[in-house]
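Colleague: what's the 3D shape of this:
(chains A and B)
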Amino acid sequence: MLGRPFFWIITLVIAAFALTPAIGNDVEMREGLALACVYITLASNLNLMLGYAGYVNFGSIVFFGLGGYICVWLVNAYSWPLAASLLAAGIGVSALALFFGFGILRLRGPFFALSTIGVNEGVQAFVQNFEPWGGSSGIYLSSAVFQPLGGAARALWVIYFMLVAVMGLSLYLSYGIKTSKFGLGLLAIGQNEDAAAVLGVPTPRYKALVYSASAFLPAITGGLYFFKSAFIQPADAFDLSLSTEAIVIAMLGGQGTVTGVAFGAYLYEELRGYLLTSEMFSHFQLVISGALLLVIVLFFPSGLMGWIYSRFPRTRRVFE
Amino acid sequence: MLGILASIIDGVLVGLVYGLAAMGLTLIWGVMDVINLTHGAMIVAGMFALYLLTSALGLPPYLALPPVLIGGFLVGVALYWLAVHRMIGRPPLMSLLSTFAVNLVLIGIGTGIWGTVLFNVAVSVPGVSIGRYTFPGAHILAAVLAAVIAASLYLFLHRTRLGKALRAVANNREAAELVGIPTTRLLAIAFGCGVALAGVSGTLIGTLFPFTVLSGDAYQLKSFVVTVLGGFGNPVGALIGGVALGLLEGLVTPFVPVSWTLVIEFVLFVLVLIAFPGGVFTSRPSFRGLMRGFRRGAG
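Modeller: This is a model prediction of the structure:
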């Protein structure tokens, strides 16, 4: 893997993300890039399901929100250090996804997609009724939790670097899975599940594994995101528009590619920042995401990367 | 005891309306193998058409049904050409995404105009009293109307030339094309009918319960549960599935907080899909069928 140029391209991107705002101590740029990191992490991990295995997951936000809840709750109620809480969030949500995965991944194609909507509803109902997590009013963190990280101002930088690290891990994970035997099996499932099963791909196990793998890093990002805002409530944690945006991003960049999805996320974040500043568009964010998705699905189903691949075939060798 | 019985009867009344909503979904699925994720938005559109027609034009609530039926059909045909036609024959993922995208646009516009506040349409129909319990007249009337519309759909599908052609397309599109049926036009008509059914069921639900722009998701999920209970692509099964779901809701509501109802229904959805992929009320459930279902699901 170290000998491949793409590995070093990813490393360069991570370094650029980490260093650019740090050099000028540019807080505004940091916040923009932090959001881009969240988008890239969510979209890359969704892409493991959507792009590789061909399974659309409408409830990917569950991982993000649940991870956020577990992390904030451990920090708040048991004063766990941040790193341990994040790890617990990642492992907990991944294990839960594996458990769900063996249940719902027996369903195939569109039925699986429908049941992911149900997972979202189910988890939300659970969280709203679960008293230790504050029900529908949520959990607030006191500012004292930032002390171990060296005060609020420094903590924000630490959290930013962690977000970048998680984003980098997502890219390595996407790339690693794509070039592995596991990834080959997933791509085969995406092409034709029956044929893959006949050729000896253990389809239910692979699907459950990738569902679980795609939960780990979003859960950690969720933990960081809500630790940073020091506040979590069900409406924010399970905001459907974020999982929708992840789908739009994955389709925009080109499902099944690593570069495309990351680039699509960055592009979408820039576009969104631009639209949010205009009064009219900020009310119609869902409309714009929806219209964009419709145009992509109807006319450019292979996304940005698909266009680049067909225009410059040599890029196929370098950019996965 | 009598309280539970009353709750069950009311559940069945409401369940007939759920069945009508699911018929729209299952009709589209049966004819063109497309899962229509705009279903929830169309149910909400029916609710808001009811609200606008009664509050702005002062129409009595039940007179809103014919315009919703016609309008829903036209919207459905337009939607077919916009979002679904290019997806026919492509992987199911694509039609899911395209209808999901349209759903986002519609919900986005709806929240932009009305926000997410609760709307309520007052319907005054005298109820029927049995002993200490009064069944709301609106529930009874909605159930009767749902049954009438469902019966006319059945007659349309089985007695008219157009309906027979629709069933032929659902059965085998190539063969239908060979005997001279204009299949593309029929797919558009089927989509129109499906959306019209979603719309009228939304109107009927609007006479029963208060609603918001975001209510569609819950009713869409209920429609999916009903559809898998009744068997995909089987309109009559959908009505029975609706009654079954209503029965379940009637049984469950006295004991469980409201926010858990959807979760229970969703668990039911997954279990039914795994155990009876062909629907509960279509195939004769047997042990062997159950095991086959488990194996097929796992494959």
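Colleague: quick one: the helices in the stretch 51-200 of chain B?
Modeller: With helices called from DSSP state H, counting those that start in this stretch, the stretch 51-200 of chain B shows them at B:65-79, B:92-114, B:137-159, B:161-171, B:173-178, B:183-208.
Colleague: quick one, the fourth one and helix B:183-208 angle?
Modeller: The one in question is helix B:161-171. Helix B:161-171 runs at 100 degrees relative to helix B:183-208, counting by axes from the mean of the first three to the mean of the last three CA atoms, to 10 degrees.
Colleague: what's in contact with helix B:161-171?
Modeller: Here helix B:161-171 makes contact (CB atoms under 8 Å, 6 or more residues apart in numbering or on different chains) with B:30-31, B:155-158, B:175-176, B:179, B:181, B:183, B:186-187, B:189-190, B:233. Every residue, glycine included, has its C-beta placed from N, CA and C.
Colleague: How about exporting that helix as CSV, limited to the C-alpha atoms?
Modeller: Output in CSV follows, covering the C-alpha atoms of helix B:161-171 (Å, rounded to 0.1, in the frame of the first residue of the first chain):
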residue,chain,number,x,y,z
ARG,B,161,-60.4,-3.0,-20.4
LEU,B,162,-57.9,-0.5,-19.1
GLY,B,163,-57.7,-2.3,-15.7
LYS,B,164,-57.2,-5.7,-17.4
ALA,B,165,-54.4,-4.2,-19.5
LEU,B,166,-52.8,-2.8,-16.3
ARG,B,167,-52.8,-6.3,-14.8
ALA,B,168,-51.4,-7.7,-18.0
VAL,B,169,-48.5,-5.2,-17.8
ALA,B,170,-47.9,-6.1,-14.2
ASN,B,171,-47.9,-9.8,-15.1
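Colleague: about what we covered before: in the contacts of helix B:161-171, find the pair that's most separated.
Modeller: B:155 and B:175 (24.2 Å; CB to CB).
Colleague: Now list the buried members of the contacts of helix B:161-171.
Modeller: Neighbour-count burial (16 or more other CB atoms under 10 Å in any protein chain shown) applied to the contacts of helix B:161-171 gives B:30-31, B:157, B:176, B:181, B:183, B:186-187, B:189-190, B:233.
Colleague: still on that earlier bit, point out the least confident one among the contacts of helix B:161-171.
Modeller: Least confident entry in these, by pLDDT: residue B:233, with 70.
Colleague: Mind checking what secondary structure that one has?
Modeller: At residue B:233 the chain is in coil, as set by DSSP: H, G, I helix; E, B strand; the rest coil.
Colleague: In space, what's closest to it - neighbours in sequence excluded?
Modeller: The shortest distance from residue B:233 to any non-neighbouring residue, by CB to CB, 6 or more residues apart in numbering or on different chains, is to residue B:30 (2.6 Å).
Colleague: so that neighbour is in which element?
Modeller: helix B:2-32 (DSSP states H and E).
Colleague: Can you give me the buried ones in that helix?
Modeller: Buried-residue list, helix B:2-32, by 16+ other CB under 10 Å: B:6-32.
Colleague: quick one, that helix and helix B:161-171 angle?
Modeller: Compare the direction of helix B:2-32 with that of helix B:161-171 by the same axes, to 10 degrees and you get 80 degrees.
Colleague: Helix B:2-32 vs helix B:65-79, what angle?
Modeller: Relative orientation of helix B:2-32 versus helix B:65-79 (the same axes, to 10 degrees): 40 degrees.
Colleague: Give me the phi and psi angles of residue A:180.
Modeller: Residue A:180 adopts backbone torsions of phi -100, psi 170, taken as degrees, to the nearest 10.
Colleague: Number of residues surrounding it?
Modeller: Residues within reach of residue A:180, counting by other CB atoms under 10 Å in any protein chain shown, total 12.
Colleague: what separates it from chain B, distance-wise?
Modeller: Going from residue A:180 to chain B by CB to the nearest CB, to the nearest Å gives 23 Å.
Colleague: and if you look at residue A:20?
Modeller: 33 Å.
Colleague: And for residue A:8?
Modeller: As judged by CB to the nearest CB, residue A:8 and chain B stand 33 Å apart.
Colleague: Check what contacts the helix or strand harbouring that residue and list those residues.
Modeller: Residue A:8 belongs to helix A:5-24 when assigned by DSSP H and E. For helix A:5-24, the surrounding residues in contact (CB under 8 Å, 6+ apart) are A:1, A:26-27, A:29-30, A:33, A:36-37, A:157, A:160-161, A:164-165, A:167-168, A:171-172, A:175, A:258-259, A:262, A:318-320.
Colleague: Alpha carbons only: can I get the helix or strand just after it in PDB?
Modeller: Downstream of helix A:5-24, the first helix or strand assigned by DSSP H and E is helix A:27-47. In PDB, the C-alpha atoms belonging to helix A:27-47 read as follows (Å, rounded to 0.1, in the frame of the first residue of the first chain):
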ATOM      1  CA  VAL A  27     -10.400  30.200  13.200                       C
ATOM      2  CA  GLU A  28     -13.000  30.900  10.500                       C
ATOM      3  CA  MET A  29     -11.300  28.700   8.000                       C
ATOM      4  CA  ARG A  30     -10.900  26.000  10.700                       C
ATOM      5  CA  GLU A  31     -14.700  25.900  11.300                       C
ATOM      6  CA  GLY A  32     -15.400  25.600   7.500                       C
ATOM      7  CA  LEU A  33     -12.800  22.800   7.200                       C
ATOM      8  CA  ALA A  34     -14.100  21.100  10.300                       C
ATOM      9  CA  LEU A  35     -17.500  20.800   8.700                       C
ATOM     10  CA  ALA A  36     -15.900  19.600   5.500                       C
ATOM     11  CA  CYS A  37     -14.200  16.900   7.600                       C
ATOM     12  CA  VAL A  38     -17.500  15.800   9.000                       C
ATOM     13  CA  TYR A  39     -19.100  15.600   5.500                       C
ATOM     14  CA  ILE A  40     -16.100  13.700   4.100                       C
ATOM     15  CA  THR A  41     -16.200  11.200   7.000                       C
ATOM     16  CA  LEU A  42     -20.000  10.600   6.700                       C
ATOM     17  CA  ALA A  43     -20.000  10.400   2.900                       C
ATOM     18  CA  SER A  44     -16.900   8.100   2.600                       C
ATOM     19  CA  ASN A  45     -18.400   5.700   5.100                       C
ATOM     20  CA  LEU A  46     -21.800   5.800   3.500                       C
ATOM     21  CA  ASN A  47     -20.000   5.100   0.200                       C
END
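Colleague: for helix A:27-47, which positions count as buried?
Modeller: By 16+ other CB under 10 Å, the buried positions in helix A:27-47 come out as A:30, A:33-47.
Colleague: elements contacting it?
Modeller: Contacts defined by 3 or more CB pairs under 8 Å, 6 or more residues apart in numbering or on different chains; DSSP states H and E place helix A:27-47 against helix A:5-24, helix A:61-78, helix A:151-178, helix A:203-229, helix A:240-253, helix A:258-276.
Colleague: any chance of those in CSV, with mean neighbour count, mean pLDDT and distance to residue B:131 too?
Modeller: CSV is the format used below for the helices and strands packed on helix A:27-47 (neighbours: other CB atoms under 10 Å in any protein chain shown; pLDDT from 0 to 100; distance: least, CB to CB, whole Å):
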stretch, mean neighbour count, mean pLDDT, distance to residue B:131
helix A:5-24, 15, 87, 70
helix A:61-78, 25, 91, 46
helix A:151-178, 19, 91, 62
helix A:203-229, 25, 92, 52
helix A:240-253, 25, 85, 44
helix A:258-276, 21, 84, 59
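Colleague: Quick check: the closest residue in space to residue B:223 that isn't next to it in sequence vs residue A:81, distance?
Modeller: Using CB to CB, 6+ apart and skipping residues adjacent in sequence, the residue nearest residue B:223 is residue B:22, 4.3 Å away. Residue B:22 sits 50 Å away from residue A:81, going by CB to CB, to the nearest Å.
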